[in-house]
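J.: let me see the structure of the following:
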Amino acid sequence: MRVFVAGGTGHSGSYIIPELIAAGHEVTGLARSDASAAALSALGAKVRRGDLLDLDGLKEAASGSDGVIHVAHRQDLLPFGGMDAVAAAELPIMLAYGEALAGTGKPLVTAGSIGSPGQHLGRPATEEDSALPAGEEHKGTLRIRNVVERAVVDLAEQGVRSSVVRIATIAHSTTDRAGFLPTLIALGKEKGFVGYHGDGANLWNAVHIRDAATLFRLALEKGPAGRYWHAVGDGAIPFREIAEAIAGRLGLPAVSVPDDALMTPGYFGILTNIVTQSYPASNLITRRTLGWEAAQPGLLADLDNGHYFPAGRRQELGW
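T.: Take a look at the predicted model:
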């Protein structure tokens, strides 16, 4: 297939492109700068110059392809408009792809959040749980982006083989520079201990980004229309175990942060509303439908990949 990829130089995209090429697909990536163009070429992709503001250009790229994978976001909008602005900018892009691919049966695979069906189901989230609707009352929250996921899934009614890959809360790899793990590690170093909320029994999920890349490919190649897929390797790790694993590798204590209006935000800051929640998730439907299996190291094992804790620090601790 001739596949157009937007976001090909990001954390997930830089694994998706080699995964597609290794499977025999021809990939063209969107580049807005010389540096991005060089990075795409190094990955083996063809380059299309442009950016996410050029909707006509995106429609043209989609029309000329056999399928689209979109893993790009307007991160530059976050400091000024938050997730509201990011979602507002992303929705027209999805609708533009829809115009270009309507009636063709071609695939459109986009990235979503494992938290979009909500965190209070009383059970692990499944692929059959729709993203919760978002309205004016959800402005300023992560839930506002659900309008994008729902719009993508709804494109199936227009003859687009659209689907959303929900990426786990923690996406880990040797190139993870800005995800939750580096943030939690940096926070522990700053505070002198690695915190967890309350008893730390709230459950988090994780995936190796290389496994997630394989899922994007499978969804592109054979995923039915209008579906959600779960890029989840570890489906339910107690947050305390994550904190203790980080603490052990830093040589710091793991400490419970009381559920207090001042103490919890005092440690976790802007992460408070995230680290206090549970996100258990199942991948059973994804595995059965697409034949996907997580093959890379799990989260706790991957902490020793040499990236999260450089060798110099490990030797200093006597490892």
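J.: do I have it right that E241 meets G298?
T.: No - with contacts defined as C-beta atoms under 8 Å, E241 does not count as touching G298, sitting 11.3 Å away. The way it works is simple: take the backbone N, C-alpha and C, and place the C-beta from them, glycine included.
J.: chain center to stretch 257-272: distance?
T.: 25 Å (C-alpha atoms, centre = their mean, to the nearest Å).
J.: in that stretch, what's buried?
T.: By neighbour count with 16 or more other C-beta atoms under 10 Å, stretch 257-272 contains the buried residues 257, 264, 267-268, 271.
J.: can you report phi and psi for G179?
T.: phi -80, psi -170 (degrees, to the nearest 10).
J.: residues contacting the residue lying closest to S173 once chain neighbours are set aside?
T.: Spatial nearest neighbour of S173, chain neighbours left out: I209 (4.3 Å); criterion: C-beta to C-beta, 6 or more residues apart in numbering. Residues near I209 by C-beta atoms under 8 Å, 6 or more residues apart in numbering: 11-12, 15, 171-173, 175-176.
J.: switch to 7 Å and redo it
T.: Residues in contact with I209, defined by C-beta atoms under 7 Å, 6 or more residues apart in numbering, are 11-12, 15, 171-173.
J.: any idea how far L121 is from it?
T.: Distance of I209 to L121, given as C-beta to C-beta, to the nearest Å: 25 Å.
J.: got it, and A295?
T.: Distance from A295 to L121, by C-beta to C-beta: 28 Å.
J.: out of those two, which sits in the busier spot?
T.: L121 (13 against 10; other C-beta atoms under 10 Å).
J.: now that one: closest residue in space, sequence neighbours ignored.
T.: D129 (6.9 Å).
J.: I'd guess that neighbour is in a strand, am I close?
T.: No - judged by DSSP: H, G, I helix; E, B strand; the rest coil, D129 forms no part of a strand; its state is coil.
J.: what's the burial count for it?
T.: D129 has 18 nearby residues by other C-beta under 10 Å.
J.: that one contacts P117, doesn't it?
T.: Yes - between D129 and P117 there is a contact at 3.6 Å, judged by C-beta atoms under 7 Å.
J.: if we can go back for a sec, make a markdown table out of the buried residues of stretch 257-272 and add distance to A100, secondary structure and pLDDT.
T.: Listed next are the buried residues of stretch 257-272 as a markdown table, based on distance: C-beta to C-beta, whole Å; DSSP: H, G, I helix; E, B strand; the rest coil; pLDDT from 0 to 100:
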| residue | distance to A100 | secondary structure | pLDDT |
| --- | --- | --- | --- |
| V257 | 48 | strand | 93 |
| T264 | 46 | helix | 82 |
| Y267 | 46 | helix | 92 |
| F268 | 42 | helix | 92 |
| L271 | 37 | helix | 87 |
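J.: now, which of the residues you listed sits nearest A35?
T.: When the buried residues of stretch 257-272 are ranked by distance to A35 (C-beta to C-beta), L271 comes first, at 29.6 Å.
J.: spit out the contact partners of the closest one.
T.: T183.
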